[in-house]
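Asks: From the sequence below, what's the structure:
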Amino acid sequence: MNITIVGTGYVGLVTGTTLAELGNTVYCVDIDAKKVERMKKGIVPIYEPGLEEIFLRNIQAQRLFFTTDLKEALEKSEVIYLALPTPPGEDGSADLSYVISVANQIGDLITDYKVIVNKSTVPVGTAEIVRKTIAAKTDVPFDVVSNPEFLREGFAIDDSMNPARVIVGSESEKAQEIMAKIYQPFTNIGIPIIFMDEKSSELTKYAANSFLAVKITFMNEIANYCEKVGADVDKVRLGMGSDDRIGHRFLFPGIGYGGSCFPKDVKALIRSGKQEGFDFQILEATEEVNQAQKTILISEIEQYFKGDLKGKKIALWGLAFKANTDDMREASSLDNIKILLEKGASITAFDTIAEENARQILGDQISYAKDMYSALEDADCLLIATEWSEFKNPNFELMAEKMKTKAIFDGRNMFALEQVEDKGFFYKSIGRKTLN
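Replies: Below is the predicted model:
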(Lines give C-alpha, C1' and ligand atoms only; values in the text may rest on other atoms or scores of the structure.)
Protein backbone atom coordinates (compact mmCIF):
# COMPACT_ATOMS: atom_id res chain seq x y z
CA MET A 1 0.00 0.00 0.00
CA ASN A 2 1.13 3.59 -0.64
CA ILE A 3 1.22 5.64 2.57
CA THR A 4 2.13 9.25 3.33
CA ILE A 5 3.52 10.32 6.70
CA VAL A 6 3.24 14.05 7.40
CA GLY A 7 5.92 15.03 9.91
CA THR A 8 9.28 13.32 10.40
CA GLY A 9 9.79 13.87 14.10
CA TYR A 10 10.28 10.95 16.45
CA VAL A 11 6.87 9.35 15.90
CA GLY A 12 6.64 10.10 12.19
CA LEU A 13 10.06 8.80 11.28
CA VAL A 14 9.77 5.61 13.32
CA THR A 15 6.24 4.97 12.03
CA GLY A 16 7.18 5.63 8.41
CA THR A 17 10.29 3.46 8.56
CA THR A 18 8.40 0.63 10.23
CA LEU A 19 5.54 0.74 7.72
CA ALA A 20 8.11 0.58 4.91
CA GLU A 21 9.71 -2.41 6.63
CA LEU A 22 6.30 -4.11 6.50
CA GLY A 23 6.36 -3.81 2.69
CA ASN A 24 4.50 -0.56 2.09
CA THR A 25 5.75 2.31 -0.05
CA VAL A 26 6.04 5.29 2.28
CA TYR A 27 6.41 9.00 1.47
CA CYS A 28 7.59 11.05 4.45
CA VAL A 29 6.74 14.76 4.19
CA ASP A 30 8.44 17.51 6.14
CA ILE A 31 8.63 21.29 5.68
CA ASP A 32 12.32 21.33 6.67
CA ALA A 33 14.08 21.10 3.30
CA LYS A 34 17.55 20.63 4.81
CA LYS A 35 16.31 17.81 6.99
CA VAL A 36 14.64 16.15 3.99
CA GLU A 37 17.86 16.34 1.97
CA ARG A 38 19.85 14.77 4.82
CA MET A 39 17.36 11.93 5.11
CA LYS A 40 17.51 11.32 1.36
CA LYS A 41 21.26 10.84 1.84
CA GLY A 42 20.62 8.25 4.55
CA ILE A 43 21.28 10.49 7.55
CA VAL A 44 18.95 9.67 10.46
CA PRO A 45 18.03 12.91 12.29
CA ILE A 46 17.30 11.26 15.66
CA TYR A 47 19.00 8.68 17.85
CA GLU A 48 17.03 5.48 18.34
CA PRO A 49 18.64 2.05 18.67
CA GLY A 50 18.00 -0.11 15.60
CA LEU A 51 16.43 2.67 13.52
CA GLU A 52 19.36 3.43 11.21
CA GLU A 53 19.59 -0.15 9.94
CA ILE A 54 16.01 -0.43 8.73
CA PHE A 55 15.99 3.23 7.64
CA LEU A 56 18.87 2.60 5.24
CA ARG A 57 17.54 -0.78 4.16
CA ASN A 58 14.19 0.65 3.10
CA ILE A 59 15.71 3.63 1.31
CA GLN A 60 17.86 1.19 -0.67
CA ALA A 61 14.83 -1.01 -1.36
CA GLN A 62 12.99 2.10 -2.66
CA ARG A 63 10.16 1.74 -0.20
CA LEU A 64 10.99 4.85 1.84
CA PHE A 65 11.03 8.33 0.30
CA PHE A 66 11.31 11.90 1.62
CA THR A 67 9.85 15.09 0.21
CA THR A 68 8.71 18.60 1.06
CA ASP A 69 5.88 18.35 -1.51
CA LEU A 70 2.67 17.43 0.30
CA LYS A 71 0.61 17.58 -2.90
CA GLU A 72 2.78 15.03 -4.66
CA ALA A 73 2.74 12.68 -1.68
CA LEU A 74 -1.04 12.93 -1.34
CA GLU A 75 -1.54 12.06 -5.00
CA LYS A 76 0.47 8.86 -4.55
CA SER A 77 -1.19 7.63 -1.34
CA GLU A 78 -4.57 6.50 -0.13
CA VAL A 79 -3.67 6.66 3.57
CA ILE A 80 -2.24 9.82 5.17
CA TYR A 81 -0.74 9.62 8.66
CA LEU A 82 -0.49 12.87 10.62
CA ALA A 83 2.53 12.67 12.93
CA LEU A 84 2.72 16.32 13.85
CA PRO A 85 3.88 18.15 17.00
CA THR A 86 1.25 18.85 19.65
CA PRO A 87 3.35 20.83 22.15
CA PRO A 88 1.85 21.99 25.44
CA GLY A 89 0.65 25.57 25.57
CA GLU A 90 1.21 27.84 28.55
CA ASP A 91 -1.90 26.40 30.21
CA GLY A 92 -0.81 22.79 29.54
CA SER A 93 -3.32 22.17 26.75
CA ALA A 94 -2.15 20.50 23.55
CA ASP A 95 -1.44 22.92 20.72
CA LEU A 96 -3.31 21.62 17.66
CA SER A 97 -2.21 24.39 15.29
CA TYR A 98 0.12 22.10 13.29
CA VAL A 99 -2.59 19.44 12.94
CA ILE A 100 -5.23 21.95 11.87
CA SER A 101 -2.86 23.65 9.42
CA VAL A 102 -2.11 20.36 7.65
CA ALA A 103 -5.81 19.41 7.71
CA ASN A 104 -6.56 22.66 5.87
CA GLN A 105 -3.90 21.85 3.27
CA ILE A 106 -5.29 18.35 2.81
CA GLY A 107 -8.74 19.80 2.27
CA ASP A 108 -7.34 21.99 -0.48
CA LEU A 109 -5.36 19.21 -2.17
CA ILE A 110 -7.21 15.90 -2.11
CA THR A 111 -8.99 14.81 -5.28
CA ASP A 112 -10.01 11.26 -4.33
CA TYR A 113 -10.88 9.22 -1.24
CA LYS A 114 -8.30 9.28 1.57
CA VAL A 115 -8.02 7.88 5.06
CA ILE A 116 -6.54 10.54 7.35
CA VAL A 117 -4.89 8.90 10.36
CA ASN A 118 -4.14 10.90 13.51
CA LYS A 119 -0.95 9.32 14.85
CA SER A 120 -0.07 12.26 17.07
CA THR A 121 -1.18 12.27 20.68
CA VAL A 122 -4.21 14.54 20.62
CA PRO A 123 -7.07 15.50 22.95
CA VAL A 124 -10.45 13.87 22.81
CA GLY A 125 -12.44 15.35 19.93
CA THR A 126 -9.48 16.09 17.64
CA ALA A 127 -10.62 13.61 14.99
CA GLU A 128 -13.86 15.54 14.72
CA ILE A 129 -11.96 18.84 14.47
CA VAL A 130 -9.83 17.42 11.66
CA ARG A 131 -12.93 16.06 9.92
CA LYS A 132 -14.72 19.41 10.04
CA THR A 133 -11.61 21.29 8.93
CA ILE A 134 -11.15 19.13 5.83
CA ALA A 135 -14.86 18.98 5.05
CA ALA A 136 -15.04 22.78 5.02
CA LYS A 137 -12.59 22.75 2.10
CA THR A 138 -13.76 19.85 -0.08
CA ASP A 139 -16.62 17.59 -1.10
CA VAL A 140 -14.23 14.73 -1.82
CA PRO A 141 -15.00 11.72 0.44
CA PHE A 142 -12.54 10.88 3.22
CA ASP A 143 -12.42 9.30 6.66
CA VAL A 144 -10.54 10.37 9.77
CA VAL A 145 -9.07 7.67 12.01
CA SER A 146 -7.43 7.83 15.44
CA ASN A 147 -4.48 5.42 15.62
CA PRO A 148 -2.35 6.41 18.64
CA GLU A 149 1.26 5.31 18.97
CA PHE A 150 2.63 3.57 22.05
CA LEU A 151 6.36 3.95 21.49
CA ARG A 152 8.95 3.95 24.25
CA GLU A 153 12.00 5.98 23.37
CA GLY A 154 14.95 3.62 23.28
CA PHE A 155 12.68 0.68 22.40
CA ALA A 156 10.63 2.24 19.61
CA ILE A 157 11.61 -0.20 16.85
CA ASP A 158 10.63 -3.21 18.92
CA ASP A 159 7.44 -1.47 20.01
CA SER A 160 6.63 -0.70 16.36
CA MET A 161 7.40 -4.16 15.01
CA ASN A 162 5.98 -6.09 17.99
CA PRO A 163 3.22 -3.96 19.51
CA ALA A 164 1.13 -5.30 22.39
CA ARG A 165 -1.96 -4.14 20.49
CA VAL A 166 -3.02 -1.74 17.76
CA ILE A 167 -5.76 0.76 18.62
CA VAL A 168 -7.88 2.00 15.72
CA GLY A 169 -10.59 4.56 16.37
CA SER A 170 -13.06 4.70 13.50
CA GLU A 171 -16.72 3.96 12.95
CA SER A 172 -16.26 3.77 9.17
CA GLU A 173 -16.26 0.18 7.87
CA LYS A 174 -14.24 1.21 4.81
CA ALA A 175 -11.57 2.88 6.93
CA GLN A 176 -11.48 -0.09 9.32
CA GLU A 177 -10.91 -2.46 6.39
CA ILE A 178 -8.02 -0.34 5.10
CA MET A 179 -6.39 -0.08 8.53
CA ALA A 180 -6.82 -3.82 9.04
CA LYS A 181 -5.01 -4.40 5.75
CA ILE A 182 -2.09 -2.18 6.82
CA TYR A 183 -1.72 -4.03 10.11
CA GLN A 184 -2.39 -7.52 8.76
CA PRO A 185 1.28 -8.50 9.29
CA PHE A 186 0.59 -8.04 13.00
CA THR A 187 -2.74 -9.83 13.15
CA ASN A 188 -1.16 -12.73 11.23
CA ILE A 189 1.07 -13.37 14.26
CA GLY A 190 -1.63 -12.88 16.87
CA ILE A 191 -1.27 -9.19 17.72
CA PRO A 192 -4.79 -7.81 18.18
CA ILE A 193 -6.35 -4.79 16.54
CA ILE A 194 -8.84 -3.18 18.88
CA PHE A 195 -11.46 -1.17 17.00
CA MET A 196 -13.38 1.54 18.83
CA ASP A 197 -14.82 5.00 18.29
CA GLU A 198 -12.47 7.92 17.70
CA LYS A 199 -12.96 9.61 21.08
CA SER A 200 -12.29 6.41 23.02
CA SER A 201 -9.15 5.83 20.97
CA GLU A 202 -7.88 9.35 21.64
CA LEU A 203 -8.49 8.99 25.36
CA THR A 204 -6.87 5.54 25.48
CA LYS A 205 -3.46 7.05 24.69
CA TYR A 206 -3.73 9.78 27.32
CA ALA A 207 -5.11 7.33 29.88
CA ALA A 208 -2.32 4.81 29.29
CA ASN A 209 0.52 7.32 29.56
CA SER A 210 -1.02 9.08 32.54
CA PHE A 211 -1.52 5.78 34.36
CA LEU A 212 2.14 4.90 33.88
CA ALA A 213 3.14 8.34 35.14
CA VAL A 214 1.01 7.72 38.24
CA LYS A 215 2.62 4.29 38.72
CA ILE A 216 6.14 5.73 38.55
CA THR A 217 5.25 8.56 40.91
CA PHE A 218 3.56 6.24 43.40
CA MET A 219 6.71 4.11 43.51
CA ASN A 220 8.82 7.21 44.09
CA GLU A 221 6.59 8.13 47.03
CA ILE A 222 6.97 4.61 48.43
CA ALA A 223 10.75 4.91 48.01
CA ASN A 224 10.80 8.18 49.91
CA TYR A 225 8.74 6.62 52.69
CA CYS A 226 11.09 3.61 52.78
CA GLU A 227 13.88 5.97 53.77
CA LYS A 228 11.80 7.32 56.64
CA VAL A 229 11.04 3.91 58.15
CA GLY A 230 14.18 1.97 57.20
CA ALA A 231 12.61 -0.29 54.57
CA ASP A 232 14.36 -1.23 51.31
CA VAL A 233 12.50 -0.13 48.20
CA ASP A 234 14.18 -2.83 46.08
CA LYS A 235 12.61 -5.52 48.24
CA VAL A 236 9.26 -3.72 48.29
CA ARG A 237 9.39 -3.37 44.51
CA LEU A 238 10.04 -7.08 44.02
CA GLY A 239 7.24 -7.99 46.41
CA MET A 240 4.78 -5.69 44.67
CA GLY A 241 5.83 -6.62 41.14
CA SER A 242 5.34 -10.35 41.75
CA ASP A 243 1.61 -9.67 41.96
CA ASP A 244 0.48 -10.15 38.36
CA ARG A 245 -2.22 -7.51 38.88
CA ILE A 246 0.59 -4.97 39.28
CA GLY A 247 3.57 -6.32 37.32
CA HIS A 248 7.26 -5.41 37.54
CA ARG A 249 7.41 -2.66 34.93
CA PHE A 250 7.50 1.04 35.85
CA LEU A 251 8.21 0.26 39.51
CA PHE A 252 11.82 1.47 39.52
CA PRO A 253 12.23 4.54 41.73
CA GLY A 254 14.36 7.48 40.73
CA ILE A 255 14.46 11.22 40.23
CA GLY A 256 11.21 11.53 38.33
CA TYR A 257 9.91 10.92 34.85
CA GLY A 258 10.56 13.19 31.87
CA GLY A 259 10.67 13.02 28.10
CA SER A 260 8.31 14.07 25.36
CA CYS A 261 5.25 12.06 26.43
CA PHE A 262 4.45 11.63 30.11
CA PRO A 263 4.83 15.27 31.24
CA LYS A 264 3.02 16.63 28.19
CA ASP A 265 0.22 14.07 28.25
CA VAL A 266 -0.45 14.41 31.97
CA LYS A 267 -0.67 18.19 31.60
CA ALA A 268 -2.92 17.91 28.55
CA LEU A 269 -5.32 15.49 30.22
CA ILE A 270 -5.53 17.71 33.30
CA ARG A 271 -6.31 20.68 31.07
CA SER A 272 -8.85 18.73 28.99
CA GLY A 273 -10.61 17.74 32.20
CA LYS A 274 -10.82 21.32 33.38
CA GLN A 275 -12.37 22.34 30.06
CA GLU A 276 -15.18 19.88 30.90
CA GLY A 277 -15.44 21.05 34.51
CA PHE A 278 -13.65 17.94 35.77
CA ASP A 279 -10.59 17.82 38.04
CA PHE A 280 -8.10 14.96 37.65
CA GLN A 281 -6.98 15.19 41.27
CA ILE A 282 -4.68 12.16 41.04
CA LEU A 283 -2.92 13.58 37.97
CA GLU A 284 -2.55 17.01 39.54
CA ALA A 285 -0.87 15.39 42.55
CA THR A 286 1.27 13.23 40.25
CA GLU A 287 2.55 16.27 38.41
CA GLU A 288 3.34 18.10 41.65
CA VAL A 289 5.11 15.12 43.23
CA ASN A 290 7.11 14.36 40.10
CA GLN A 291 8.40 17.91 39.85
CA ALA A 292 9.64 17.75 43.45
CA GLN A 293 11.12 14.29 42.91
CA LYS A 294 13.36 15.48 40.10
CA THR A 295 15.56 17.46 42.47
CA ILE A 296 15.10 15.43 45.65
CA LEU A 297 18.84 14.74 45.89
CA ILE A 298 19.79 18.43 45.94
CA SER A 299 19.02 18.72 49.65
CA GLU A 300 21.04 15.56 50.28
CA ILE A 301 24.03 17.00 48.41
CA GLU A 302 23.69 20.26 50.35
CA GLN A 303 23.50 18.42 53.64
CA TYR A 304 26.62 16.41 52.77
CA PHE A 305 28.54 19.63 52.12
CA LYS A 306 27.10 21.33 55.22
CA GLY A 307 24.87 23.67 53.25
CA ASP A 308 27.54 25.24 51.05
CA LEU A 309 27.89 24.21 47.41
CA LYS A 310 29.78 27.29 46.28
CA GLY A 311 32.89 26.24 44.39
CA LYS A 312 32.05 22.55 44.54
CA LYS A 313 32.76 20.58 41.39
CA ILE A 314 30.04 18.09 40.62
CA ALA A 315 30.39 15.28 38.11
CA LEU A 316 27.16 14.40 36.33
CA TRP A 317 26.68 11.05 34.64
CA GLY A 318 23.82 11.24 32.16
CA LEU A 319 21.96 14.12 30.56
CA ALA A 320 19.13 12.48 28.57
CA PHE A 321 15.79 12.01 30.34
CA LYS A 322 16.41 8.26 30.19
CA ALA A 323 18.84 5.79 28.65
CA ASN A 324 18.93 4.85 24.95
CA THR A 325 17.78 8.23 23.70
CA ASP A 326 19.23 11.66 23.01
CA ASP A 327 16.00 13.35 24.14
CA MET A 328 16.53 16.19 26.61
CA ARG A 329 12.88 17.20 26.91
CA GLU A 330 11.84 17.49 30.57
CA ALA A 331 15.08 15.73 31.58
CA SER A 332 15.69 15.67 35.34
CA SER A 333 19.32 16.55 34.67
CA LEU A 334 18.25 20.03 33.56
CA ASP A 335 16.35 20.73 36.79
CA ASN A 336 19.34 19.62 38.85
CA ILE A 337 21.85 21.56 36.75
CA LYS A 338 19.83 24.76 37.09
CA ILE A 339 19.68 24.59 40.89
CA LEU A 340 23.28 23.46 41.36
CA LEU A 341 24.58 26.31 39.20
CA GLU A 342 22.43 28.80 41.12
CA LYS A 343 24.02 27.53 44.32
CA GLY A 344 27.51 28.19 42.99
CA ALA A 345 28.59 24.69 41.97
CA SER A 346 30.32 23.85 38.69
CA ILE A 347 29.32 20.80 36.66
CA THR A 348 31.16 18.47 34.33
CA ALA A 349 28.79 16.11 32.54
CA PHE A 350 29.17 12.98 30.45
CA ASP A 351 26.56 11.66 28.01
CA THR A 352 27.87 10.60 24.61
CA ILE A 353 24.46 10.36 22.96
CA ALA A 354 22.67 13.39 24.41
CA GLU A 355 25.61 15.81 24.60
CA GLU A 356 24.85 17.56 21.32
CA ASN A 357 21.24 18.24 22.29
CA ALA A 358 22.33 19.29 25.77
CA ARG A 359 24.79 21.79 24.32
CA GLN A 360 21.95 23.39 22.36
CA ILE A 361 20.11 23.99 25.64
CA LEU A 362 22.93 24.66 28.09
CA GLY A 363 25.74 25.98 25.92
CA ASP A 364 28.86 26.54 28.01
CA GLN A 365 27.08 26.78 31.35
CA ILE A 366 28.57 23.37 32.13
CA SER A 367 31.60 21.41 30.93
CA TYR A 368 31.40 18.21 28.91
CA ALA A 369 33.71 15.25 29.48
CA LYS A 370 35.01 12.88 26.80
CA ASP A 371 34.25 9.82 28.93
CA MET A 372 32.64 8.90 32.24
CA TYR A 373 35.90 8.82 34.19
CA SER A 374 37.19 12.13 32.84
CA ALA A 375 34.08 13.75 34.29
CA LEU A 376 35.27 12.67 37.75
CA GLU A 377 38.59 14.55 37.71
CA ASP A 378 38.83 16.39 41.08
CA ALA A 379 35.06 16.08 41.56
CA ASP A 380 33.63 16.73 45.00
CA CYS A 381 30.81 14.30 44.26
CA LEU A 382 29.08 12.35 41.50
CA LEU A 383 25.40 12.74 40.61
CA ILE A 384 23.85 10.07 38.37
CA ALA A 385 20.84 11.31 36.39
CA THR A 386 20.45 8.78 33.55
CA GLU A 387 20.54 4.98 33.72
CA TRP A 388 22.96 4.31 30.85
CA SER A 389 24.16 0.68 30.86
CA GLU A 390 27.82 1.71 30.85
CA PHE A 391 27.37 3.15 34.35
CA LYS A 392 26.23 -0.15 35.88
CA ASN A 393 29.59 -1.74 36.60
CA PRO A 394 32.17 1.02 36.91
CA ASN A 395 35.75 0.71 38.09
CA PHE A 396 35.29 1.97 41.65
CA GLU A 397 39.04 2.00 42.28
CA LEU A 398 39.57 4.33 39.30
CA MET A 399 36.65 6.45 40.45
CA ALA A 400 38.24 6.83 43.88
CA GLU A 401 41.54 7.89 42.30
CA LYS A 402 39.86 10.55 40.15
CA MET A 403 37.51 12.08 42.72
CA LYS A 404 38.47 14.59 45.37
CA THR A 405 35.68 13.28 47.61
CA LYS A 406 34.30 9.74 47.39
CA ALA A 407 30.61 10.66 47.37
CA ILE A 408 27.94 9.34 45.00
CA PHE A 409 24.36 10.57 44.75
CA ASP A 410 22.55 8.05 42.58
CA GLY A 411 19.25 9.24 41.12
CA ARG A 412 18.64 5.99 39.24
CA ASN A 413 19.68 3.31 41.77
CA MET A 414 22.33 2.04 39.36
CA PHE A 415 24.28 0.00 41.88
CA ALA A 416 23.32 -2.80 44.22
CA LEU A 417 24.24 -1.77 47.74
CA GLU A 418 26.64 -4.72 47.93
CA GLN A 419 28.56 -3.29 44.96
CA VAL A 420 29.39 -0.13 46.87
CA GLU A 421 29.42 -1.27 50.48
CA ASP A 422 33.11 -2.13 50.76
CA LYS A 423 34.45 0.52 48.35
CA GLY A 424 34.72 3.34 50.87
CA PHE A 425 32.19 5.63 49.15
CA PHE A 426 29.43 7.69 50.65
CA TYR A 427 26.49 6.41 48.63
CA LYS A 428 23.02 7.95 48.61
CA SER A 429 20.33 6.42 46.38
CA ILE A 430 16.53 6.48 46.29
CA GLY A 431 14.53 4.49 48.86
CA ARG A 432 17.46 2.51 50.26
CA LYS A 433 19.81 2.90 53.21
CA THR A 434 22.62 5.40 52.86
CA LEU A 435 26.16 4.00 52.93
CA ASN A 436 28.69 6.15 54.78
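Asks: residues of the longest helix seen in the chain that come out buried?
Replies: For the chain, the helix with the greatest residue count under DSSP state H is helix 198-229. Taking 16 or more other CB atoms under 10 Å as the neighbour-count basis, helix 198-229 is seen to contain the buried residues 198-199, 201-206, 209-210, 212-224, 226-227. In short, each C-beta sits where N, CA and C put it, glycine included.
Asks: what's the first-to-last distance across stretch 349-364?
Replies: End-to-end distance for stretch 349-364: 11 Å, by CA to CA, to the nearest Å.
Asks: buried stuff in it?
Replies: Those would be 349-351, 353-355, 357-358, 362, for stretch 349-364 by 16+ other CB under 10 Å.
Asks: Please apply the same query to stretch 83-103.
Replies: For stretch 83-103, burial by neighbour count (16+ other CB under 10 Å) applies to 83-86, 88, 92-94, 96, 98-100, 102-103.
Asks: which outside residues touch the next helix or strand after the longest helix of the chain?
Replies: Moving toward the C-terminus from helix 198-229, the next helix or strand (DSSP states H and E) is helix 233-241. For helix 233-241, the external contacting residues (CB atoms under 8 Å, 6 or more residues apart in numbering) are 219, 222-223, 226, 246-249, 251-253, 413, 430-432.
Asks: Just those residues: which are in helices?
Replies: 219, 222-223, 226.
Asks: What is the nearest of these to Tyr257?
Replies: Met219 (10.5 Å; CB to CB).
Asks: Tell me how far that closest one lies from Ile430.
Replies: Look at Met219 and Ile430: by CB to CB, to the nearest Å, they are 10 Å apart.
Asks: Repeat that for Asp91.
Replies: 32 Å.
Asks: now Ala375
Replies: Per CB to CB, Ala375 is found 21 Å from Ile430.
Asks: can you tell me the distance between the two ends of stretch 40-49?
Replies: 20 Å.
Asks: Which residue ranges make up each domain of the protein?
Replies: As assigned by automatic domain parsing, the chain contains the domains 2-196, 205-293, 295-428.
Asks: now the ones you listed as TSV including mean pLDDT?
Replies: Below are these laid out as TSV (pLDDT from 0 to 100):
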stretch	mean pLDDT
domain 2-196	96
domain 205-293	96
domain 295-428	97
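Asks: hang on, the earlier thing: determine which two of the buried residues of stretch 349-364 are furthest apart.
Replies: Checked with CB to CB, the buried residues of stretch 349-364 reach their widest spread between Ile353 and Leu362, with 15.4 Å between them.
Asks: Contact partners for the residue lying closest to Glu330 once chain neighbours are set aside?
Replies: Using CB to CB, 6 or more residues apart in numbering and skipping the chain neighbours, the partner closest in space to Glu330 is Gly258 (3.7 Å). The contact partners of Gly258, by CB under 8 Å, 6+ apart, come to 294, 321-322, 329-332.
Asks: With Lys264 as the reference, measure out to Gly258.
Replies: Taking CB to CB, one finds Gly258 at 10 Å from Lys264.
Asks: who touches both of those two?
Replies: Shared contacts of Gly258 and Lys264, counting by CB under 8 Å, 6+ apart, come down to Glu330.
Asks: in stretch 18-36, what's buried?
Replies: Buried, per 16+ other CB under 10 Å, within stretch 18-36: 18-22, 24-30, 35-36.
Asks: For it, measure first residue to last.
Replies: 18 Å.
Asks: ok, and what's touching it?
Replies: With CB under 8 Å, 6+ apart, stretch 18-36 has contacts from 1-8, 12-13, 16-17, 39, 45, 54, 57-58, 61-70, 72-73, 76-77, 157, 160-161, 182, 185.
Asks: In PyMOL, how would I select just the buried ones from these?
Replies: Buried residues among these (16+ other CB under 10 Å), as a PyMOL selection:
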select buried, resi 3+4+5+6+7+8+12+13+16+17+39+54+58+63+64+65+66+67+70+73+77+157+160+182
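Asks: So which of the contacts of stretch 18-36 belong to strands?
Replies: Those of the contacts of stretch 18-36 mapping onto strands are 2-6, 64-67, per DSSP state E.
Asks: Tell me the one of the residues you listed nearest Lys370?
Replies: Phe66 (33.7 Å).
Asks: picking up where we left off before, quick one: which of the buried residues of stretch 349-364 is nearest Val140?
Replies: Using CB to CB, the buried residues of stretch 349-364 come closest to Val140 at Asn357, 41.1 Å.
Asks: Am I right that the closest one is in a helix?
Replies: Yes: according to DSSP: H, G, I helix; E, B strand; the rest coil, Asn357 belongs to a helix.
Asks: From Ala385, how far off is it?
Replies: 14 Å.
Asks: do the same with Asp91
Replies: Using CB to CB, Asp91 is found at 29 Å from Ala385.
Asks: which stretches of the stretch 201-350 of the chain form strands?
Replies: Assigned by DSSP state E, counting those that start in this stretch, the strands in the stretch 201-350 of the chain fall at 313-317, 346-350.
Asks: As JSON lines, the ones you listed with distance to Gly169 would be great.
Replies: Below are those laid out as JSON lines (distance: least, CB to CB, whole Å):
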{"stretch": "strand 313-317", "distance to Gly169": "42"}
{"stretch": "strand 346-350", "distance to Gly169": "42"}
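Asks: what's the most buried one of those?
Replies: strand 313-317 (a mean of 25; mean count of other CB atoms under 10 Å).
Asks: Any chance you could list what contacts that one?
Replies: Residues contacting strand 313-317 (CB under 8 Å, 6+ apart): 301, 333, 336-337, 340, 345-351, 366, 369, 372, 375-376, 378-386, 388, 391, 403-404.
Asks: change it to 6 Å
Replies: For strand 313-317, the surrounding residues in contact (CB atoms under 6 Å, 6 or more residues apart in numbering) are 340, 345-350, 372, 375-376, 378-384, 391.
Asks: of these, buried ones?
Replies: 340, 345-350, 372, 375-376, 379-384, 391.
Asks: quick one: furthest residue from the center of the chain?
Replies: Asp139 (38.3 Å; CA atoms, centre = their mean).
Asks: Mind telling me what element it is part of?
Replies: Residue-wise, Asp139 maps onto no helix or strand under DSSP H and E.
Asks: Ok, Cys28 next?
Replies: strand 25-29.
Asks: where do the helices sit along the stretch 1-150 of the chain?
Replies: Secondary structure of the stretch 1-150 of the chain by DSSP state H, counting those that start in this stretch: the helices cover 10-21, 33-40, 51-60, 70-76, 97-109, 126-135.
Asks: For Val168, find the nearest of these.
Replies: helix 126-135 (11.5 Å).
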